[in-house]
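Let's see this in three dimensions:
(2 chains)
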Amino acid sequence: MAYSEKVVDHFNNPRNMGSFKKGEEGVGTGMVGAPECGDVMKLQIKVQNDTIVDAKFKTFGCGSAIASSSLATEWLKGKTIDEAQKIKNTDIVQELNLPPVKIHCSVLAEDAIKAALADYQKKTDEQPAGTK
Amino acid sequence: MAHAPCPFLLMDNNQPLSHSDPRRQLRMARSMCWHCQSEVTGEYFCERCVKVQPVSKDTDYFTCLGFPRRLALDPKQLEAKFYELSRTFHPDFYQTKSTNEQTISLSNAAVLNTAYRTLRDPIQRAEYLLALETGSVKDIRTSPPADLFEEILELQDTLEEYRASDRGSDQGHRLRATLQTEQEALERRKGEMESQLRRLFADWDKLQDTGEATSQARAERDRILKQMRALLSHRTYVNNIVNDLAATIA
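Numbers count the residues shown, from 1 in each chain, chains lettered A, B, ... in the order given. Predicted structure coming up:
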């Protein structure tokens, strides 16, 4: 089985790799893992006025997992929170031409997006009124 | 050692289906010899025409190799059974047989190989049992504790740093020492997880041996499977990072 060209491209030139500084404002972090392969994915979003202005990821795993998260950060940028909620793993599968055995990588990316959004939501809810 | 009968079923593509009722077809296909249409009662060969029967995709690996669904398994017995069956299906014995029999024996040998490889390793055996008992493992998402993830990600950063550093420099030496300490600590943790797993394996076997169907037994079964699932996935994460560490600082 060979990786698709798009997977190879994302793997060789990952977009938005890295992480935001600790304590940076408006950042939501999602950390997820795939128990079946042990891949670990960290995905962060930076939100201003309900819009994701920046996104970063760090993934330790196979090429498909790296490509899925790299693609996810590309898609997240410029989206509103609501739009980001709608990103589905099947979109990633289609875009990257993932074979059946690698579908769980895209599920991982979707989970990471959801976790990052939930974390951001939690942080904003915790903030006392008037400091937003 | 218990030899559970191995139900051999016909593969769909071995024979054109001639009956129109799909339910009838299914029932027939599950019990008939592909060659003489007589009933196959659960051996590797048809009792009437002595033709080899294909192992079904639905037959689990334990049944396939004639073992009960237990997690303690004598590797010697397993190996002996595997060799015995490997001889049974060996292509050399099918050279003069029909194409159909050659295909069946070959695919049986392939299933057997996978079954043996899976059951031989205690961890894979447990993963496989979990999948059998709880459905697809992929359906159960477990999120390991956030601190384990933080630790792994931090370690990966240090690893990156070490890979980029000049290994002969002071910084390289310092990073290497840090990574080595971490590796040892993680290996100890992996060892602890494995002894916890072994205790769970024993609990599982004990529960199976009693064969009780009380609500208490069901609760115990769920507890064991759940803890096993969590431990196995945590172990995978730790194992991955340990391997990364070992490969980098070796």
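
Looking at chain B, which residue is nearest chain A?
B:Ser233 (3.1 Å; C-beta to the nearest C-beta). Where you see a C-beta, it was placed from the backbone N, CA and C, and this is true even at glycine.

With the flanking residues excluded, which residue is spatially nearest to that residue?
In this structure, B:Ser233 finds its nearest non-sequential neighbour in A:Pro35, 3.1 Å apart by C-beta to C-beta, 6 or more residues apart in numbering or on different chains.

okay but the one you found is in contact with B:Asn239, surely?
No: counting by C-beta atoms under 8 Å, B:Asn239 is not a contact partner of A:Pro35; they are 11.8 Å apart.

Closest approach to chain B from chain A, which residue is it?
As assessed by C-beta to the nearest C-beta, chain B sits closest to A:Pro35 within chain A, at 3.1 Å.

returning to what we had before: which of A:Pro35 and B:Asn239 has more neighbours?
Set A:Pro35 next to B:Asn239 and count neighbours by other C-beta atoms under 10 Å in any protein chain shown: A:Pro35 wins out with 23 against 17.

where does chain B dip in pLDDT?
Scanning chain B for pLDDT under 70 picks out the ranges B:1-31, B:41-43, B:136-144.

The helix or strand encompassing the residue of chain B closest to chain A: how far from the chain's middle?
Here B:Ser233 sits within helix B:215-249, counting by DSSP states H and E. Relative to its chain's centre, helix B:215-249 lies at 14 Å (C-alpha atoms, centre = their mean, to the nearest Å).

and the longest helix belonging to chain A, which residues are buried?
Scanning chain A for the helix with the most residues, using DSSP state H, yields helix A:103-126. The neighbour-count check on helix A:103-126 (16 or more other C-beta atoms under 10 Å in any protein chain shown) flags A:103-117, A:119-120 as buried.

From B:Glu184, how far off is the residue nearest to B:Ser233?
Separation of A:Pro35 from B:Glu184 (C-beta to C-beta, to the nearest Å): 25 Å.

A:Thr59 now?
Separation of A:Thr59 from B:Glu184 (C-beta to C-beta) stands at 26 Å.

cool, B:Tyr44 as well?
In this view, B:Tyr44 and B:Glu184 are 49 Å apart by C-beta to C-beta.

And B:Cys46, by the same measure?
With distances taken as C-beta to C-beta, B:Cys46 is found 57 Å from B:Glu184.

between the two, which one's more packed in?
Neighbours were counted for B:Cys46 and for B:Glu184 using other C-beta under 10 Å; B:Cys46 has more, 21 against 12.

which residue packs closest to that one, ignoring adjacent ones?
B:Cys33 (3.9 Å).

you'd agree that neighbour is up against B:Gln53?
Yes: using C-beta under 8 Å, B:Cys33 makes contact with B:Gln53 at a distance of 6.6 Å.

buried sites along stretch B:191-198?
If you call a residue buried by 16+ other C-beta under 10 Å, then stretch B:191-198 has these buried ones: B:193, B:197.

Show residues contacting the helix or strand encompassing A:Thr90.
Assigned by DSSP H and E, A:Thr90 falls within helix A:89-96. Outside helix A:89-96, the residues that touch it by C-beta atoms under 8 Å, 6 or more residues apart in numbering or on different chains are A:4, A:6-7, A:10, A:64, A:67-68, A:71-72, A:75, A:98, A:103, A:106-107, A:109-110.

okay, the angle between it and helix A:103-126?
Going by axes from the mean of the first three to the mean of the last three C-alpha atoms, to 10 degrees, helix A:89-96 is angled at 130 degrees with respect to helix A:103-126.

Just the mean pLDDT for helix A:89-96, thanks.
The average pLDDT for helix A:89-96 rounds to 95.

and chain A, which residues reach chain B?
Applying C-beta under 8 Å from any C-beta of the partner chain, we find that chain A lies next to chain B at A:31-33, A:35-40, A:42, A:58, A:60, A:104, A:111.

Between all of the residues you listed, which two are separated the most?
With distances taken as C-beta to C-beta, the most widely separated pair in these is A:Glu36 and A:Lys58, at 20.0 Å.

Neighbour count for these two, which is higher?
Set A:Glu36 next to A:Lys58 and count neighbours by other C-beta under 10 Å: A:Lys58 wins out with 21 against 17.

Can you give me the domain boundaries for chain B?
In terms of domains, chain B is parsed into B:12-120, B:138-249 (source: automatic domain parsing).

now the longest one, how far from the centre of its chain.
Between the centre of domain B:138-249 and the centre of its host chain there is 19 Å, according to C-alpha atoms, centre = their mean.

about what we covered before: and the residue nearest to B:Cys46, what are its phi and psi?
The phi/psi pair for B:Cys33 (degrees, to the nearest 10) reads phi -70, psi 140.

contacting residues around it?
B:Cys33 is in contact with B:10, B:39-40, B:46, B:48-49, B:51, B:53, counting by C-beta under 8 Å, 6+ apart.
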